[in-house]
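Chemist: fold the following, please.
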Amino acid sequence: MRIDPETDAIYIRQSSLKDFLLCPERLRLTTLNPEMKSYNDSAAMGTACHTGIEMVLNRQIMPGDIAEASVAAFAALRAKEYEEHGKDIRVTNTNPAQWNTHIASMSNAWVNDIMPSVPLGGQTEFKFAVKVGEVERVQPAENGSTHHDLYFEGTADYVCEGEAWDWKTSGRKYSFNEKQTQDIQSSVYATALVGLGLAEFPMNFSFGVMIRNASSTGQILTVTRDQGSSDFVVAQAVAMAGTILTMETFAPAKQWQINDQHFLCSERWCPVYSLCKGRHINAPDDGE
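Modeler: Next comes the predicted model:
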């Protein structure tokens, strides 16, 4: 979440909303310590595959060259990580010896299993900022209250013909029921596209999922977002912004709620674990 210093408008990305709902203190600490948000292996492999996919969709390379392009993008990410942080990307649950093989396999799976169903002629890396509501900041009694315009902002992987696509790499197939009922990203992006007049409710949002292994296959999972989905995610964002504004007004620099009731609260998966639960628990928690 960020506040524009000139307009006082609040901008929320879907990733920030997901982080806040997962663990408020994780969001606070990563915002205060952005240098600790280093790439992990899964994220870097996904980013590399994204690069190859964009090059194909933008007709910069032929589909048959996607594996080489994605592997090259991964090498560039590792070099940048060394340059900026003095270390390689963080290993979570993958084998570094298989990184390049898996990246090539996932990229080819996108070409073989997903690309034939993707409408061509759309826009990659579609950036947006759309007003979705207002938030009231409660001030001490003598100052009254102020109002902030609330915006969703972000970058959609691919937008075409009134729908959006997002490319994912995963260790397993996605569950339709889980994504249809719980996914935040699709609701945020649908709200934005409808707000821009580029789509109508109900709107389809498709995940193009590449399974992370040496013989990867692709999965297309499409969820539907309607006005109710939009209203709910906007209400969540309003609650998030209101909570943060209240905390910053009345209890600045204080610890927020820590949610350690899931495996992502671990030294392996959370970049700020050492500043949070790790400050109190000496034994490493690898989230296994």
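Chemist: Thr47 is in what secondary structure piece?
Modeler: In the assignment (DSSP states H and E), Thr47 maps to helix 41-57.
Chemist: just how off-centre is that helix within its chain?
Modeler: Put simply, helix 41-57 sits 14 Å off its chain's centre (Cα atoms, centre = their mean, to the nearest Å).
Chemist: could you dump it to CSV, C-alpha only?
Modeler: Output in CSV follows, covering the C-alpha atoms of helix 41-57 (Å, rounded to 0.1, in the frame of the first residue of the first chain):
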residue,chain,number,x,y,z
ASP,A,41,13.9,-19.9,-6.5
SER,A,42,10.2,-20.4,-7.3
ALA,A,43,9.6,-16.7,-7.9
ALA,A,44,12.7,-16.3,-10.0
MET,A,45,11.8,-19.4,-12.2
GLY,A,46,8.3,-18.0,-12.7
THR,A,47,9.6,-14.5,-13.7
ALA,A,48,12.0,-16.2,-16.2
CYS,A,49,9.1,-18.1,-17.8
HIS,A,50,7.1,-14.9,-17.9
THR,A,51,9.8,-13.2,-19.9
GLY,A,52,9.9,-16.0,-22.5
ILE,A,53,6.0,-16.0,-22.7
GLU,A,54,6.0,-12.2,-23.3
MET,A,55,8.6,-12.5,-26.0
VAL,A,56,6.5,-15.0,-27.8
LEU,A,57,3.2,-13.1,-27.5
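Chemist: element containing the nearest residue to Thr47 once chain neighbours are set aside, please.
Modeler: Distance criterion Cβ to Cβ, 6 or more residues apart in numbering; nearest residue to Thr47, sequence neighbours excluded, is Leu77 at 6.2 Å. Quick note: C-beta positions are derived from backbone N, CA and C, even for glycine. Assigned by DSSP H and E, Leu77 falls within helix 66-85.
Chemist: report the angle between the axes of that helix and helix 41-57?
Modeler: Using axes from the mean of the first three to the mean of the last three Cα atoms, to 10 degrees, one finds that helix 66-85 and helix 41-57 are set 130 degrees apart in direction.
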